[in-house]
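Novice: Sequence and predicted structure below; questions after.
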Amino acid sequence: MLVRWMQWAKYLFVILVSSVLMSCAPQYETRYELTPPKTAVGLQCLKPCEAKAQQCNNSCATRYASCSAKAEQQAKLDMPKRMQEYEVALAVWQERYTRYVQDKTLYDMRRDQARAMRDLCISTQDNPRACPRPFRSWGARPVEPEDKPVAPTLATETKRIRDASCQLDCQCDAQYRSCYSSCGGGVKPQSICVKNCN
């Protein structure tokens, strides 16, 4: 049992160290350097690109606003059900937590009793096994229940629905770069460090 626990501890340690190192690693973002076309025809060609990009952004913002409004309406309709689910989850959690507190109290009492017996017991040369080994004689440590459920709010429910169903990125920038390039302009991607840069 102890060997198995040690293997799990090593595994968890590796995961912890990896996640810490990953969070410290530099993070990059792709940005684009745009070079205008060298001809007058190319420069004239860019005007519709800019108009289409503006139209795309406006349309995208309008769709997102409409979707957000629908998400809020849906959240209002879902709130009674979400509150009912929360109350059930809270009752289950409270029951588990009460049981955990009782089990932890009993565990602590048994542990302290076993340690006290160990301290009072005296082994002799004639009887070296007179004192029982107290290691884990008080049982396994109770496991604390998962985090307490959080009550839903209209704002959190709206955000949840909006994140699942509304799209803010309409690829307007990608369309603009494609149009820009087709007019003879240069589009050069650059990887820029934005976080944890050395």
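Specialist: That came through fine. Residues are numbered from 1 along each chain as shown.
Novice: quick one: the helices in this protein?
Specialist: All helices of the chain, identified by DSSP state H, fall at 2-24, 40-120, 154-165, 172-182.
Novice: Export those as TSV, with columns for mean neighbour count.
Specialist: C-betas here are computed from N, CA, C, even on glycine. Formatted as TSV, these follow (neighbours: other CB atoms under 10 Å):
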stretch	mean neighbour count
helix 2-24	9
helix 40-120	13
helix 154-165	15
helix 172-182	16
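Novice: any chance of these in JSON lines, plus distance to G139 and mean pLDDT?
Specialist: Formatted as JSON lines, those follow (distance: least, CB to CB, whole Å; pLDDT from 0 to 100):
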{"stretch": "helix 2-24", "distance to G139": "15", "mean pLDDT": "59"}
{"stretch": "helix 40-120", "distance to G139": "6", "mean pLDDT": "91"}
{"stretch": "helix 154-165", "distance to G139": "40", "mean pLDDT": "94"}
{"stretch": "helix 172-182", "distance to G139": "61", "mean pLDDT": "91"}
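Novice: Out of these, the one nearest E144 is which?
Specialist: In terms of CB to CB, the element of the helices of the chain nearest to E144 is helix 40-120, at 5.6 Å.
Novice: From E33, how far off is the residue lying closest to C193 once chain neighbours are set aside?
Specialist: Distance criterion CB to CB, 6 or more residues apart in numbering; nearest residue to C193, sequence neighbours excluded, is P26 at 5.1 Å. P26 sits 20 Å away from E33, going by CB to CB, to the nearest Å.
Novice: Check whether T35 really touches K188, as I assumed.
Specialist: Yes: with contact defined as CB atoms under 8 Å, T35 and K188 form a contacting pair (7.1 Å).
Novice: Among the helices of the chain, which comes closest to V143?
Specialist: helix 40-120 (7.4 Å).
Novice: among the helices of the chain, which is nearest A140?
Specialist: helix 40-120 (8.0 Å).
Novice: what's the burial count for the closest residue to T39 other than its chain neighbours?
Specialist: Distance criterion CB to CB, 6+ apart; nearest residue to T39, sequence neighbours excluded, is G184 at 6.5 Å. For G184, the number of neighbouring residues by other CB atoms under 10 Å comes to 16.
Novice: can you offset everything so residue one is 52?
Specialist: Will do, 52 is the new start, and the previous item becomes G235.
Novice: residue contacts, G235?
Specialist: By CB atoms under 8 Å, 6 or more residues apart in numbering, the residues touching G235 are 88-90, 93, 96.
Novice: Turn those into a markdown table, columns for distance to A116.
Specialist: Below are these laid out as a markdown table (distance: CB to CB, whole Å):
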| residue | distance to A116 |
| --- | --- |
| P88 | 35 |
| K89 | 40 |
| T90 | 39 |
| G93 | 35 |
| C96 | 32 |
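Novice: Having no further points to raise, I will conclude here.
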